[in-house]
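Q: only geometry, no sequence info:
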């Protein structure tokens, strides 16, 4: 039974049940394309629940012929429990976004084999031997394909859903198609753009070392203005269909491949939010690296690679995005008929550069917001969490917060990505008072 | 038969027919609330088609007891004909917008008595003895209630549909509800933000006097960058539910009353577009006034009133909008919990002023765009068209274009509304080469 043609709302309510191993085996046995890929008898399939994210169930299913990954949304936030309900419809939006991304950035997202909207279930190819990039970064592994792949993903998914590439009518249809995903947006609005800057029950940080910084952030009105402007942009700027959660835990890698997963936060929002997410998580990997060092300098090459990658994420994204704008501008924005002849072309090119400068400023601000939330908010990341000595961890976190504050409040003064990596290098040598 | 509960899409296709006088009489006789208001027998009702707008049929129906206005959308642009199809769904969006505006700005829009989505028909109270404000302005009439009323309309309809007043979820629902109105948005995108700046068949201007200026505008790359940025904002900034066509032809007035009509262009867009529309049309009334003068100085008091009104449209809008922000900020943007205590309150107030400065800059730019389109584009207005001597008309138009160019290209240099009215006064004394 393929669910894709079924009416959604009723199906969703009546068909949903949380799948346990036995149910899942029976269910997958009834999906020919999945059963064929797994091979052998259903009884021979191995099934294990591996979800380590914050929201969903994830099963790895393996058979004689191959494997699949099964993701099922739960009607609540897994990290918190049933007290925090969350709509199953996010599975629908994830499926929509995966389809969009697969079309625009072929090979850079997992292949979807089956989708059942009623069960809030997506079955995908098993990515093997890929690992979550963040784990690799904690281990000090470099990924030489990453910048090339992620900038292709960013440039193509963002450009081709923007007003530079599509008509206003298509864009409005797209915005409307994702408007219902507001519960997921709300998580971002609260956990990234609000809570870390005020007293909120779910906030946590490395105590007692960061107590003073957390308090300072809660009282820092420059920061509160800056985060409020970013939040307004998040609420108010449907520039493109963004992934919405593009950290290094949403990327699976091998030395030669990059796959972007988990776009359930997708909606039409500001492009800088996605680009900033990638840059923020690389900057955290860089500033956490010190905490994972067992002998002085052992991770120096890794750290140099991380900062080079920060730079190439922006420069390569920017280059590819501009290339698409020059060659594929079929959208309603910046009509070429207003920029004819040599002088017109030159002026449009100048304007493209100005547009990218604005996007860069957004990117720097959003990157900062993504760093702060991982250190002072609810959801932390293993870059820092796996540093066992809490004081040592706090040093890495304090440096990251110092960098993030500067990026957020003085975003406009970071005129280039080189200024960002220089600031990161500088802050790496800074020691907080408590250290 | 009330249509409001009927499923829309099918009804729309199957029920639609263009109503002629006899059909309309029968139809209205079957709508109890309308028949009651008109009074007497249906045969006694007078019906006349009075639509002088660009898009629709408008009937005035009068009976012994009272009158109604009936607006029916045509499946094409009335001004152009069947060769330019336009969806009937605009009547649905007009009805939605009227309902929204009536709730937020009571008394400032006509009361809707009946709506039939299938027929693309809205029946409203007859506004009597109101006249279209633009006609009054051409005649040199002042409207002392206008600034008070229109700024209440602007402040309340814009604020209460913005992220300052509603949750992100409500806002996204609203955006989605109006996303389908893209054919009307497209008219604006083409006729205001694109065509006047390039060769387009439908463009016209007062020849031969404005030939050189029209050509200069088509080659002026500073202007093309400025209009493209405004267009991008129009495509990309769903700040609030805007009227979308708020010129003085969409406002009916008496000395004591103001009613805003015809919101069929409504969608979630940039607030400055509505405020700019009001200001642009007042500036045109001011600069056209010279052309309607029969003896030197006879319209001086009127002209002074127009410029005072330009100033109070901005200052009173701004004051009312800020007052709402201070007292009714229940939206997700600028959470008050980030601005606690005396210092927090002061900082938020500073930020509110910064927000208004940004909105003012948008307003100045959009106002300029609305002026240019009325002089070099398809749809002109009677402010200029009723100046019989074409050369005299061209002088008024050339002054308006000169002002508009400065406002669009140097919007940021107009730091206050006083700077705009000063520039208007100055340009009133400028004589183009041909004069």
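A: Structure's in. What do you need? Keep in mind the model is a prediction, meaning the values are calculated, not measured. Numbering: from 1, shown residues only, chains lettered A, B, ... in the order given.
Q: and whichever strand or helix holds residue A:68, which strands flank it?
A: Assigned by DSSP states H and E, residue A:68 belongs to strand A:67-73. Applying DSSP bridges, strand A:67-73 is found paired with strand A:56-62 (antiparallel), strand A:121-125 (antiparallel).
Q: can you pull the buried residues of the shortest one?
A: When burial is assessed from 16 or more other Cβ atoms under 10 Å in any protein chain shown, strand A:121-125 yields the following buried residues: A:121, A:122, A:123, A:124, A:125. C-beta coordinates here come from the backbone N, C-alpha and C atoms, glycine included.
Q: Give me the contacts around that strand.
A: In this structure, residues lying in contact with strand A:121-125 by Cβ atoms under 8 Å, 6 or more residues apart in numbering or on different chains are A:19, A:28, A:31, A:34, A:68-73, A:91, A:94-95, A:98, A:110-115.
Q: same check, this time on stretch A:143-156
A: Stretch A:143-156 is contacted from outside by A:101, A:104-105, A:108-109, A:133, A:136, A:251, A:253, A:255-258, A:260, A:274-275, A:278, A:309, A:312-313, A:316-317, A:320-321, A:323-324, using Cβ under 8 Å, 6+ apart.
Q: So among those, which ones count as buried?
A: By 16+ other Cβ under 10 Å, the contacts of stretch A:143-156 give A:101, A:104-105, A:108-109, A:133, A:136, A:251, A:253, A:257-258, A:260, A:274-275, A:278, A:309, A:312-313, A:316-317, A:320-321, A:324 as buried.
Q: okay but residue A:374 is in contact with residue A:284, surely?
A: Yes: using Cβ atoms under 8 Å, residue A:374 is in contact with residue A:284, at 6.5 Å.
Q: between the two, who's got more neighbours?
A: residue A:284 (28 against 24; other Cβ atoms under 10 Å in any protein chain shown).
Q: Give the other helices and strands that the strand or helix carrying that one contacts.
A: When elements are assigned from DSSP H and E, residue A:284 belongs to helix A:271-292. Applying 3 or more Cβ pairs under 8 Å, 6 or more residues apart in numbering or on different chains; DSSP states H and E, one finds that helix A:271-292 contacts helix A:133-138, helix A:146-159, strand A:240-242, helix A:300-328, helix A:341-376, helix A:382-385, helix A:390-409, helix A:417-428.
Q: if you compare those, which one is most tucked away?
A: strand A:240-242 (a mean of 27; mean count of other Cβ atoms under 10 Å in any protein chain shown).
Q: quick one: which helix or strand includes the residue positioned nearest the centre of chain A?
A: Chain A has residue A:246 as the residue nearest its centroid, 1.0 Å off, counting by Cα atoms, centre = their mean. Here residue A:246 is covered by no helix or strand, with elements defined by DSSP H and E.
Q: So it versus chain B, what's the distance?
A: Residue A:246 is 20 Å from chain B, where distance means Cβ to the nearest Cβ, to the nearest Å.
Q: Now do the residue lying closest to that residue once chain neighbours are set aside, the pLDDT please.
A: Nearest residue to residue A:246 in three dimensions, chain neighbours excluded: residue A:277, at 4.1 Å (Cβ to Cβ, 6 or more residues apart in numbering or on different chains). Looking at residue A:277, its pLDDT reads 98.
Q: Over to residue A:84?
A: In this model, residue A:84 carries a pLDDT of 89.
Q: can you give me phi and psi for it?
A: When read as degrees, to the nearest 10, the backbone of residue A:84 gives phi -120, psi 90.
Q: Spit out the contact partners of it.
A: Residue A:84 neighbours (Cβ under 8 Å, 6+ apart): A:76, A:77.
Q: Roughly how far does it sit from residue A:76?
A: Distance, residue A:84 to residue A:76, using Cβ to Cβ, to the nearest Å: 6 Å.
Q: Kindly report the same for residue A:426.
A: 43 Å.
Q: same question, residue A:411
A: In terms of Cβ to Cβ, residue A:411 sits 36 Å off from residue A:76.
Q: who's more crowded, those two?
A: Using other Cβ under 10 Å as the criterion, residue A:411 and residue A:76 rank with residue A:411 on top: 22 against 15.
Q: Just to check, the more buried one is in contact with residue A:229?
A: No: judged on Cβ under 8 Å, residue A:411 makes no contact with residue A:229 at a distance of 9.5 Å.
Q: Give the intersection of the neighbour lists for these two.
A: Listed as contacting both residue A:411 and residue A:229 by Cβ under 8 Å, 6+ apart are residue A:365.
Q: Ok, which of the strands paired with strand A:67-73 comes nearest residue A:367?
A: Counting by Cβ to Cβ, residue A:367 lies closest to strand A:56-62 out of these; the figure is 25.8 Å.
Q: That closest one: how far from the chain's middle?
A: From the chain centre to the centre of strand A:56-62 is a distance of 20 Å (Cα atoms, centre = their mean, to the nearest Å).
Q: what does the stretch 251-400 of chain A have sitting close to chain B?
A: Neighbours of chain B within the stretch 251-400 of chain A, by Cβ under 8 Å from any Cβ of the partner chain: A:332, A:333, A:334, A:335, A:337, A:338, A:339, A:343, A:344, A:347, A:351.
Q: what's the burial count for the closest residue to the first one other than its chain neighbours?
A: This points to residue A:332. Distances taken as Cβ to Cβ, 6+ apart place residue A:168 nearest to residue A:332, at 4.7 Å, with adjacent residues excluded. Close neighbours of residue A:168, defined as other Cβ under 10 Å, add up to 22.
Q: Likewise for residue A:279?
A: Neighbour number of residue A:279 under other Cβ under 10 Å is 28.
Q: could you flag which of the contacts of strand A:121-125 are buried?
A: A:19, A:28, A:31, A:34, A:68-73, A:91, A:94-95, A:98, A:110, A:113-115.
Q: circling back to that earlier point, what touches both of residue A:374 and residue A:284?
A: What both residue A:374 and residue A:284 touch, as defined by Cβ under 8 Å, 6+ apart, is the set A:381, A:383, A:384.
Q: Mind telling me the two of the residues of the stretch 251-400 of chain A next to chain B farthest from one another?
A: Every pair of these checked by Cβ to Cβ; the farthest is A:332 and A:343, at 22.8 Å.
Q: picking that back up, how about JSON lines for the residues of the stretch 251-400 of chain A next to chain B, with pLDDT added?
A: As requested, these are exported to JSON lines (pLDDT from 0 to 100):
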{"residue": "A:332", "pLDDT": "98"}
{"residue": "A:333", "pLDDT": "98"}
{"residue": "A:334", "pLDDT": "98"}
{"residue": "A:335", "pLDDT": "96"}
{"residue": "A:337", "pLDDT": "96"}
{"residue": "A:338", "pLDDT": "98"}
{"residue": "A:339", "pLDDT": "98"}
{"residue": "A:343", "pLDDT": "98"}
{"residue": "A:344", "pLDDT": "98"}
{"residue": "A:347", "pLDDT": "98"}
{"residue": "A:351", "pLDDT": "98"}
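Q: ok, those vs residue B:46, which is closest?
A: For those, the nearest to residue B:46 is residue A:332 (45.0 Å; Cβ to Cβ).
Q: Tell me if I'm right that that closest one and residue B:232 touch.
A: No: using Cβ under 8 Å, residue A:332 is not in contact with residue B:232, being 9.2 Å away.
Q: out of the two, which sits in the more crowded spot?
A: Neighbours per residue, other Cβ under 10 Å: of residue A:332 and residue B:232, the larger number sits with residue A:332, 25 against 20.
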